[in-house]
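# Let's see this in three dimensions:
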Amino acid sequence: MLLPVTPALGVVLVVLLVLAAVAAAWARLGWSREILVAGVRAAAQLAVVSLLIGWVAQRLGPLLGFLVLMFAVAAWTAGRRITRNRTWWWAAVPIGAGALPVVGLLLATGLVPVRGLALIPVAGILIGGALTATVLGGRRALGELTTRHGEVEAGMALGLLDRDARLEIVRPAASDALLPGLDQTRTVGLVTLPGAFVGMLLGGASPVEAGAVQLFVLVALMAVQVVAVAVVLELVARGWLHREWAPGVSAGARRGSGGAVPAQAALSGLRRR
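Numbers count the residues shown, from 1 in each chain. As a prediction, this is how the structure comes out:
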């Protein structure tokens with residue numbers, strides 16, 4: 001057993017959670033309450049899943065229902081993290097486009113059997129990776145439209161389509177969402193030994209088997225995240241996933257109000273590209 005489940009473990013968890021919240025408050029990061037809530041929610045959710053996983057894994061109906069629940073929660077979490085308006089539900093599209101084809105491929109090839117104890121963790125890893133990439137890509141893209149919406153307006157004035165003008169601005173920022181997965185893959189075995197590898201070893205697998213499973217997880221995650229970022233980028237560029245200030249979406253943004261970049265500077269920036 002990697003960590004014994006004892007009162008000492010509970011004490012350490014509480015200390016680490018409080019330390020994280022205090023550090024966030026001290027640095028004025030603004031997430032202290034969210035850190036505490038996330039820690040408590042994680043404990044409660046894992047406790048419930050630990051009690052139900054055996055029953056869910058042995059029955060096809062509950063298994064499929066649990067997978068749908070995982071996807072729905074991921075879509076809701078990503079959408080509400082990206083935007084607060086009614087376009088949030090579009091976040092389900094990049095998550096589904098990234099994770100579902102990979103899960104389908106694994107089932108079709110027989111690499112992952114239709115059994116709960118095999119399917120749930122694999123699907124969870126892939127949906128979680130798509131969730132992370134969608135949130136990072138969507139927030140970075142929409143944030144870039146906030147600070148550089150004058151350049152988007154300038155691109156439209158030059159004759160670019162709304163989608164192309166926005167895409168020109170948001171693509172470099174949104175692509176940064178791929179960096180965590182890329183760095184994790186490039187440094188695996190040198191900096192970290194991820195959970196799948198360690199879990200396989202603890203479960204009695206050989207180092208070669210554990211390494212093969214971990215390699216699969218990392219490569220599959222890269223594929224999932226690239227697709228998710230590409231799709232969320234397209235949604236933002238087309239204005240289907242937006243905030244009220246997004247250029248080309250709201251009338252206020254089209255007027256360029258609220259701190260727009262001067263037109264001449266914006267035009268110069270686009271020409272330099």
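
# Give me the neighbour count for Thr132.
Burial of Thr132 is recorded as 20 neighbouring residues (other CB atoms under 10 Å). Bear in mind the C-beta positions are built from the backbone N, C-alpha and C, glycine included.

# helices and strands around the helix or strand where it lies, which ones?
For Thr132, the element it lies in under DSSP states H and E is helix 116-147. The elements that helix 116-147 packs onto, with contact taken as 3 or more CB pairs under 8 Å, 6 or more residues apart in numbering; DSSP states H and E, are helix 32-57, helix 60-82, helix 92-109, helix 162-175, helix 179-187, helix 207-238.

# what separates the third one from the chain centre, distance-wise?
Read it as helix 92-109. Distance, stretch centre to chain centre, for helix 92-109: 15 Å (CA atoms, centre = their mean, to the nearest Å).

# now swap in the first one and tell me
Remark: helix 32-57 is offset 19 Å from the chain centroid, using CA atoms, centre = their mean.

# orientation of it relative to helix 60-82 in degrees?
Between helix 32-57 and helix 60-82, the angle comes out at 160 degrees (axes from the mean of the first three to the mean of the last three CA atoms, to 10 degrees).

# so for helix 32-57, what's the average pLDDT?
Averaged across helix 32-57, pLDDT comes to 87.

# next one: the fourth one
In this model, helix 162-175 carries a mean pLDDT of 84.

# which residues sit against it?
Among residues not part of helix 162-175, those counted as contacts by CB atoms under 8 Å, 6 or more residues apart in numbering are 137-138, 140-145, 148, 151-153, 155-156, 160, 229, 232-234, 236-239, 246-248, 270, 273.

# Give me the buried stretch members for that helix, please.
Residues of helix 162-175 classed as buried under the neighbour-count rule (16 or more other CB atoms under 10 Å) are 162, 165-171, 173-175.

# Find the centremost residue of this structure, please.
Residue closest to the mean C-alpha point of the chain, counted by CA atoms, centre = their mean, is Thr132 at 1.3 Å.

# still on that earlier bit, can you give me how far the helix holding Thr132 is from the chain middle?
In this view, helix 116-147 has its centroid 2 Å away from the chain centroid, taken as CA atoms, centre = their mean.

# Next: stretch 27-47.
Relative to the mean C-alpha coordinate of its chain, stretch 27-47 is positioned 18 Å out (CA atoms, centre = their mean).

# go on, stretch 25-39?
Relative to the centre of its chain, stretch 25-39 is centred 20 Å away, using CA atoms, centre = their mean.

# what's the span of that stretch, first residue to last?
From its first residue to its last, stretch 25-39 covers 16 Å (CA to CA, to the nearest Å).

# thought the residue nearest to the centre of the chain was touching Gln225?
Yes. Checked against CB atoms under 8 Å, the pair Thr132 and Gln225 is within contact range at 7.3 Å.

# Show me the common contact partners of these two, please.
A shared contact of Thr132 and Gln225, defined by CB under 8 Å, 6+ apart, is any residue touching both; here these are Ala177.

# in the chain, which ranges drop under the pLDDT threshold?
In the predicted model, the chain carries pLDDT under 70 at residues 1-3, 202-203, 244-273.

# got the contact list for stretch 109-126?
Here stretch 109-126 makes contact (CB under 8 Å, 6+ apart) with 53, 56-60, 63, 66-67, 70, 98-99, 102-103, 106-107, 196, 216-217, 220-221, 224.

# Buried residues, that stretch. List them.
Counting neighbours by 16+ other CB under 10 Å, the buried set in stretch 109-126 is 112, 116, 119-126.

# export the residues you listed to a markdown table and tack on distance to Glu34?
Compiled in a markdown table, those are given as follows (distance: CB to CB, whole Å):
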| residue | distance to Glu34 |
| --- | --- |
| Val112 | 34 |
| Gly116 | 31 |
| Leu119 | 31 |
| Ile120 | 27 |
| Pro121 | 26 |
| Val122 | 28 |
| Ala123 | 26 |
| Gly124 | 22 |
| Ile125 | 23 |
| Leu126 | 25 |
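
# Cool, thanks, signing off.
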